[in-house]
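S.K.: here is a sequence together with a model predicted from it:
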Amino acid sequence: MPTHAPTDAGVPAPAVPAPVDVARVRDRVREQGLRFFIDDEGDVGIPWRYVTVHVIIQDTRTIQLRGVWHRIADTEHLVELRRLVEEWNATRIGPKAYLTVADGGVVRLHGEITYPLGAGMTDSQLEQFIFISCRLIVALMREAEETFPDPLRGDLEP
């Protein structure tokens, strides 16, 4: 999908926002030269060193980039991880950081950015949103790596 349509004068007109779907996300990720895969639910996954970011499109309502830190922790590290999340959320505008605790006491760190899609997005907007969101989520996970340089429980490298 071209980002600009030529006008009668031969000057590119601004692109028009269009609905966002997996094919457009895949094309924008590919154009950025990023590795990616399509997961079992049909979402685009973008693997990074500390995190895999999933691009989730919820109908035509929202696009969400959600990353989960590759490392996992036990509940004994919950206080320190909670401190990291609270500090991150208090001092930065994104991504939203949060923790989940699964059965068996496995603690996971998540980063998430959501954007409403009511008006759609141009290719340029979509590309920038994906790029900036990935960078912000990777920054959160890098902060976690620096805060916890030693293994907490193990890691889940892809």
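M.R.: Received the coordinates, thanks. Numbers count the residues shown, from 1 in each chain.

S.K.: which SSE is the residue nearest the centre of the chain in?
M.R.: The centre of the chain sits closest to L65, judged by C-alpha atoms, centre = their mean, with a distance of 3.2 Å. In this structure, L65 is located in strand 62-69 according to DSSP states H and E.

S.K.: given the helix or strand following that strand, what are its sheet partners and their directions?
M.R.: Per DSSP H and E, the first helix or strand lying C-terminal to strand 62-69 is strand 71-72. Strand 71-72 sits in its sheet next to strand 154-155 (antiparallel), going by DSSP bridges.

S.K.: the residue nearest to the centre of the chain contacts T52, correct?
M.R.: No. L65 is beyond contact range of T52, at 10.9 Å (criterion: C-beta atoms under 8 Å). For glycine as for every other residue, the C-beta is placed from the backbone atoms N, C-alpha and C.

S.K.: helices or strands next to the lengthiest helix in the chain in the packing?
M.R.: With DSSP state H applied, the helix covering the greatest number of residues in the chain is identified as helix 123-147. Other helices and strands packing on helix 123-147, by 3 or more C-beta pairs under 8 Å, 6 or more residues apart in numbering; DSSP states H and E, are helix 22-31, strand 51-58, strand 62-69, helix 78-91, strand 107-116.
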